[in-house]
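*Asks:* Here is my input; please provide its structure:
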Amino acid sequence: MNESPPTFAEILTAAIQARGLSLERIRTHLDKAGVPVSIATLSYWQSGRSLPTRSRSFHTLVELERILNLDPGHLTQHTYTADGRTRREVFEWQKVMPARDLVAQVIGDLGIDMQGELTRVAHQDHLTVTADRSESHHEMRVIWRAERSGVPRWAVVSEQDAQVPTDQAIEALMGCEVGEIVDYPERHLLIAEMKANRCMQRGDLFASDYRVTTTPTAMPSFRLLRAVSNALKTLTMVIHFHPDALPSRVLAGVQDSMDDDDAPTTTVSVPLSGTQAQHVWTDAKPGVYSMVWEWD
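*Replies:* Below you'll find the predicted structure:
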């Protein structure tokens, strides 16, 4: 006879007992981390009377895993949404990242929490393409909401389309600072730790602006991809072309992942306005958003 897998309540109870913390102590730790939960709620979760199925409960579970010295996913993989997915599957941010295994390892080594510290509310991409059709710089303007109190950190991942090793540099323009940088020129990949330039309280909104500069490449620029791991109010992409190098066609689309064999399920034509092409998505769901252009 097959035994039933342990329930979330049983897993949580065993973890609390192994850690030797009272619910009051756990509540205090959660409160300090900026994810307050009542003792009654913790008790309901432990007894199985209720489950942490609301989307904001995911951040609490991530923090609980840290407080209870559990491996990431130990709790989140045992709570489910109405369509049967686990909370961790809903927030599988690696799926929309380039070079996902390497990127996930570097971000983990940097100690950056991609799932519970910040929520991206709105995002703007501004990419400048020069007269020789290569990329000059890529500016990102983001509105964030802090999900914990403290100095928020996040990761910027930039992968350039190129056939030879490239150099990329990142600079903070407003509302943030650059921390540690991990660069893989042979893979055209840069991963940077970013920090807010002040301490935040849970629920605070703040803006940041930063720029990635790249060396010219022989390969003409042809696309901009944006990984979205949480729903955004608005996502804006603007491509600034040189007057002497205007594309013949620009398309905007969305796909599920960064996989090479993945392609946008639907595309829309984006008209040029002078030397710019821009597209705005509202209520953008997780996925990979793109603008792609063609040259004569």
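
*Asks:* Where do the strands of the chain begin and end?
*Replies:* With strands called from DSSP state E, the chain shows them at 118-129, 135-146, 153-159, 168-174, 176-184, 189-196, 205-214, 223-228, 232-240, 249-255, 266-269, 272-273, 276-284, 287-294.

*Asks:* could you dump those strands to a markdown table with distance to Tyr44 and mean neighbour count?
*Replies:* Where you see a C-beta, it was placed from the backbone N, CA and C, and this is true even at glycine. Listed next are these as a markdown table, based on distance: least, C-beta to C-beta, whole Å; neighbours: other C-beta atoms under 10 Å:
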| stretch | distance to Tyr44 | mean neighbour count |
| --- | --- | --- |
| strand 118-129 | 25 | 19 |
| strand 135-146 | 26 | 20 |
| strand 153-159 | 32 | 19 |
| strand 168-174 | 43 | 16 |
| strand 176-184 | 39 | 16 |
| strand 189-196 | 34 | 21 |
| strand 205-214 | 31 | 17 |
| strand 223-228 | 33 | 19 |
| strand 232-240 | 32 | 19 |
| strand 249-255 | 38 | 19 |
| strand 266-269 | 43 | 11 |
| strand 272-273 | 54 | 12 |
| strand 276-284 | 32 | 17 |
| strand 287-294 | 34 | 20 |
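
*Asks:* of all the ones you listed, which lies closest to Arg25?
*Replies:* Each of the strands of the chain has some distance to Arg25 by C-beta to C-beta; the shortest is strand 135-146, at 23.9 Å.

*Asks:* re earlier: any chance of the strands of the chain in a markdown table, with mean pLDDT and distance to Leu42 too?
*Replies:* Formatted as a markdown table, the strands of the chain follow (pLDDT from 0 to 100; distance: least, C-beta to C-beta, whole Å):
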| stretch | mean pLDDT | distance to Leu42 |
| --- | --- | --- |
| strand 118-129 | 95 | 23 |
| strand 135-146 | 96 | 23 |
| strand 153-159 | 94 | 27 |
| strand 168-174 | 97 | 39 |
| strand 176-184 | 95 | 34 |
| strand 189-196 | 95 | 29 |
| strand 205-214 | 97 | 28 |
| strand 223-228 | 93 | 32 |
| strand 232-240 | 96 | 31 |
| strand 249-255 | 95 | 39 |
| strand 266-269 | 91 | 44 |
| strand 272-273 | 97 | 54 |
| strand 276-284 | 96 | 33 |
| strand 287-294 | 94 | 34 |
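
*Asks:* Columns distance to Val96 on top of those strands, output as TSV?
*Replies:* Below are these laid out as TSV (distance: least, C-beta to C-beta, whole Å):
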stretch	distance to Val96
strand 118-129	12
strand 135-146	15
strand 153-159	10
strand 168-174	20
strand 176-184	19
strand 189-196	15
strand 205-214	18
strand 223-228	4
strand 232-240	12
strand 249-255	9
strand 266-269	17
strand 272-273	28
strand 276-284	12
strand 287-294	5
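
*Asks:* Show the contacting residues for Arg226.
*Replies:* With contact taken as C-beta atoms under 8 Å, 6 or more residues apart in numbering, Arg226 is in contact with 123, 125, 235, 237, 288-290.

*Asks:* what are the bridge partners for it, then?
*Replies:* Here Arg226 sits in beta bridges with Tyr289, going by DSSP bridges.

*Asks:* Next, find the distance separating it from Pro5.
*Replies:* For Arg226, the distance to Pro5 equals 37 Å [C-beta to C-beta, to the nearest Å].

*Asks:* cool, and Arg211?
*Replies:* 48 Å.

*Asks:* do you know which of the strands of the chain lies nearest Pro52?
*Replies:* Using C-beta to C-beta, those put strand 118-129 closest to Pro52, at 17.2 Å.

*Asks:* tell me which strands and helices that closest one is in contact with?
*Replies:* Under the contact criterion of 3 or more C-beta pairs under 8 Å, 6 or more residues apart in numbering; DSSP states H and E, strand 118-129 touches strand 135-146, strand 223-228, strand 232-240.

*Asks:* is it possible to export these to a markdown table including distance to Ala155?
*Replies:* Below are the helices and strands packed on strand 118-129 laid out as a markdown table (distance: least, C-beta to C-beta, whole Å):
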| stretch | distance to Ala155 |
| --- | --- |
| strand 135-146 | 12 |
| strand 223-228 | 11 |
| strand 232-240 | 17 |
